[in-house]
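Engineer: I'd like to go over a predicted model; first the sequence, then the structure.
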Amino acid sequence: MTTTTLAVLVPLLPFLGAAAGLLLGRTAPGFVRPLAVLPTLAALALAAVIAVRQGGEAAIDSATELTPTGSVPVELALHIDGFAALVAVLVGFVATCVQIYSTGYLRDDPRYPSYAALVSLFTSAMLLVVYSGDLIVLLVGWEVMGICSYFLVGHYWETPEARAASIKAFLVTKLGDVPFLIGLFALATAAGSFRITKVLGTVASGGLHHPTLIALLLLAGVAGKSAQFPLHTWLPDAMAGPTPVSALIHAATMVAAGVYFIARLLPVFEASSAAMVVLAVMAAVTMAGSGLAALAQDDIKRVLAYSTIGQLGYMTGALAVGDRGAAVFHLLSHGAFKALLFLAAGVIIHASGTNSLAAMSRMGNLRARVPDAFWTMTVALLALAAIPPFSGFFSKESVLGAAEHVATEQSGRIPGAAGWIVLAAGLLTALLTAAYAMRLWLLAFHGRGAEAPDHGRQPVAMNAVLWVLAVPSLALGGLAYRVLPDWFDGRDLTPTLTTSVLGTGVALVGGILTYGAWRHTTALAARAPLGAVAAHPEGDAGLVEAEAIASHAPAYGDVASAPDPADPGRLLLGPLHRHAATGFHLDAVYAALFVRPVTAAASLVRFLDREVVDTYVRGAGTLPRLLGAAVRRAQTGNVQTYVSALLAGTVVLTVAVLLVATGA
């Protein structure tokens, strides 16, 4: 079977699995789980075969015109280079893990068939984005992911949090997709084709007009899809969906699509120095702001959500300095350990049989309760904090190394300012990342919160997936920088001494400071009864996840009244904590600038419609109605009355005629 045929089957198999799952979900529920897992697993196997065959060599291209358009043609095209081959493997791997994990996590959920089908459709859409060689076909996968995220984030639609989060995710991403679509049309018009290879050829020959405008339009869509400042606010709220969905969105689909898109079309952005600087600033603000926000969150999934935003900032930072190899390398590494972090968090929530345990300040005695989650999450947090030899160290160091090279070499192709911006923000974020990773580990597994009831050992499928994901979280980075350069345009991924020392050093400082702050707050809390200093004056800015998990057990009573006061984040952030906990009030700013004016305008239009326009409409009907009422009163049915009126009228007319005649 040819590589092209295999590539067509990779996104097709999950799509067919989704369709079959929806059709058979009610009539043959026994087939739902096999239809969720097996097509995705088969797609993973085929993606791995394609990656081996491609081997980092010349890109595989194939195309057929879908239908004559009369202008710019739309083609069903494949473009599989080393980046596409590896990202497809990541998508298939994480999606398979999520589907297997979900069979245990949502085993008693009545809406599991539709959930599994949507996850398969989500996977198919992302694979279509990865393999597509035509921008319109890529856009189809891009938008299908958007609607899938709407349904999956709102899976627990009974809760207002889930409904609000799904609408917010959909609207914010669509806000970015409008200029993104305009940018795609402008790009295709300049190139005369939607084919990615022809677009890149046009850029190489200098035929791209207005590159800055096109690049900025495309960046708006990327900012929405990949949750970059200022369109990142939907991602923390999207934690209202099931935890496996969070793992899929954050690790391998949706948010990775924007980064991958820029990596595919990087020459378009490099054609504008201004666009590269804007990209660098966007990445820097995203990295630093998300790191501070993560350090102030109490909900474990919101910490991980802000962490994803920051790690995506590293990827866009690598792209801002023109190194798509470093960006995709970190995308692959991050996909493994972030999926592990979310799924381990799901084990913690599932073990308690309640939603309240998502709040880290209320966790207690979890290390012994969920040993699989403890050890695997420890591995993932070390990878997140970029501690060698875990995978995150090698991929994050490649980003810092690329930024340092641009900042110091002044090559001219990329502005040196972009390098300095990304390098400074990257080092600051490395410190913050280690700090909130240490804080999460301490509060989740060594906290003093009240203990939830033990709901028994977790399903084997869930714990097995954690250990499977722990392997690439530990070993991927060390293997990748030796094995994968052929897939990354031949770029040397070996860590450089300067950035390795700086990055690791600041990470260790962040971890040590957090541990010291935790010891200090723990000592203070030990002098008072548990709960005496538990009140959080700022309140919890997070949304409570409405998990309809297997046991459907009630919340564990008085735990909410006894959060752990030993939170190092409050000590480290000081007065900044209140602002960081709410995401620096960006939602409030948007509400003031956009939501309230639109609401006020809608109220004004409603008032004008009801009180002004409707008044004229009602008035136009009132006069005929009054005349009709008068005429109706005259119609008494009494013949004598009619004759009397006739005689009276005759007399009046006679008198009037005589008066007129006399006057004449």
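Structural biologist: Everything's here; your move.
Engineer: spit out the contact partners of residue 266.
Structural biologist: Contact analysis of residue 266 by Cβ atoms under 8 Å, 6 or more residues apart in numbering lists 319, 322, 324. For every residue, glycine as well, the C-beta is placed using N, CA and C.
Engineer: can you tell me the SS state at residue 129?
Structural biologist: helix (DSSP: H, G, I helix; E, B strand; the rest coil).
Engineer: low-confidence bits of the stretch 451-600 of the chain, can you list those?
Structural biologist: Across the stretch 451-600 of the chain, the ranges flagged by pLDDT under 70 are 451-456, 480-481, 528-565.
Engineer: what of the chain?
Structural biologist: For the chain, applying pLDDT under 70 flags the ranges 352-358, 364-365, 410-412, 448-456, 480-481, 528-565, 664.
Engineer: just confirm residue 4 contacts residue 64, I think it does.
Structural biologist: No. Look at residue 4 against residue 64 with Cβ atoms under 8 Å: they stay out of range, at 10.3 Å.
Engineer: neighbour-wise, which of those two wins?
Structural biologist: residue 4 (15 against 8; other Cβ atoms under 10 Å).
Engineer: quick check: phi and psi at the more buried one.
Structural biologist: phi -60, psi -40 (degrees, to the nearest 10).
Engineer: spit out the contact partners of it.
Structural biologist: 60, 62, 78.
Engineer: of these - the most surrounded one?
Structural biologist: Busiest of those [other Cβ under 10 Å] is residue 78, holding 22 neighbours.
Engineer: assign a three-state SS to residue 76, would you?
Structural biologist: Per three-state DSSP, the local secondary structure of residue 76 is strand.
Engineer: check the gap between it and residue 490 for me.
Structural biologist: 30 Å (Cβ to Cβ, to the nearest Å).
Engineer: for the contacts of residue 266, give me JSON lines that also has secondary structure and neighbour count.
Structural biologist: As requested, those are exported to JSON lines (DSSP: H, G, I helix; E, B strand; the rest coil; neighbours: other Cβ atoms under 10 Å):
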{"residue": "319", "secondary structure": "helix", "neighbour count": "28"}
{"residue": "322", "secondary structure": "coil", "neighbour count": "23"}
{"residue": "324", "secondary structure": "helix", "neighbour count": "24"}
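Engineer: now distance to residue 527 too, for those residues, in CSV please.
Structural biologist: Below are those laid out as CSV (distance: Cβ to Cβ, whole Å):
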residue, distance to residue 527
319, 50
322, 54
324, 54
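Engineer: show me which of the residues you listed is closest to residue 617.
Structural biologist: residue 319 (56.9 Å; Cβ to Cβ).
Engineer: residue 259 is in contact with that closest one, correct?
Structural biologist: Yes. Counting by Cβ under 8 Å, residue 319 touches residue 259, with 7.1 Å between them.
Engineer: residues shared between the contacts of these two?
Structural biologist: Taking Cβ under 8 Å, 6+ apart as the criterion, residue 319 and residue 259 both touch residue 327.
Engineer: check contacts around residue 326.
Structural biologist: Residue 326 sits in contact with 318, 395, 398, 399, 401, 402, 491, 493, where contact means Cβ under 8 Å, 6+ apart.
Engineer: from residue 418, how far out is the fifth one?
Structural biologist: What that stands for is residue 401. 15 Å.
Engineer: residue 606 sits in which helix or strand?
Structural biologist: Assessed by DSSP states H and E, residue 606 sits inside helix 596-607.
Engineer: C-terminal to that helix, what's the next element?
Structural biologist: helix 614-634.
Engineer: show me what the helix or strand that comes right after that next one is packed up against.
Structural biologist: Downstream of helix 614-634, the next assigned helix or strand under DSSP H and E is helix 639-663. Applying 3 or more Cβ pairs under 8 Å, 6 or more residues apart in numbering; DSSP states H and E, we find helix 639-663 packed against no helix or strand.
Engineer: for residue 93, which non-adjacent residue is closest in space?
Structural biologist: Spatially, and ignoring its direct neighbours in sequence, residue 93 is nearest to residue 44 (5.7 Å; Cβ to Cβ, 6 or more residues apart in numbering).
Engineer: buried residues, the helix or strand encompassing the one you found. List them.
Structural biologist: Taking DSSP H and E as the criterion, residue 44 maps to helix 32-54. Residues 32-33, 35-37, 39-47, 49-51, 54 are the ones in helix 32-54 that count as buried (16 or more other Cβ atoms under 10 Å).
Engineer: mind checking the SS state of residue 57?
Structural biologist: Three-state call for residue 57 (three-state DSSP): coil.
Engineer: what residues are up against it?
Structural biologist: residue 486.
Engineer: list phi and psi for it.
Structural biologist: phi -80, psi -160.
Engineer: gap between the residue nearest to residue 93 and residue 349?
Structural biologist: 26 Å.
Engineer: cool, and residue 170?
Structural biologist: Look at residue 170 and residue 349: by Cβ to Cβ, they are 25 Å apart.
Engineer: between the two, which is the more surrounded one?
Structural biologist: residue 349 (22 against 18).
Engineer: tell me the SS of that one?
Structural biologist: helix.
Engineer: helix, strand or coil for residue 63?
Structural biologist: Quick answer, by three-state DSSP: residue 63 is strand.
Engineer: wait, isn't it in contact with residue 78?
Structural biologist: Yes. Using Cβ under 8 Å, residue 63 makes contact with residue 78 at a distance of 7.2 Å.
Engineer: common neighbours of those two, please.
Structural biologist: residue 133.
Engineer: still on that earlier bit, quick one: the residue nearest to residue 93 and residue 569, what's the gap?
Structural biologist: From residue 44 to residue 569 the distance is 38 Å (Cβ to Cβ).
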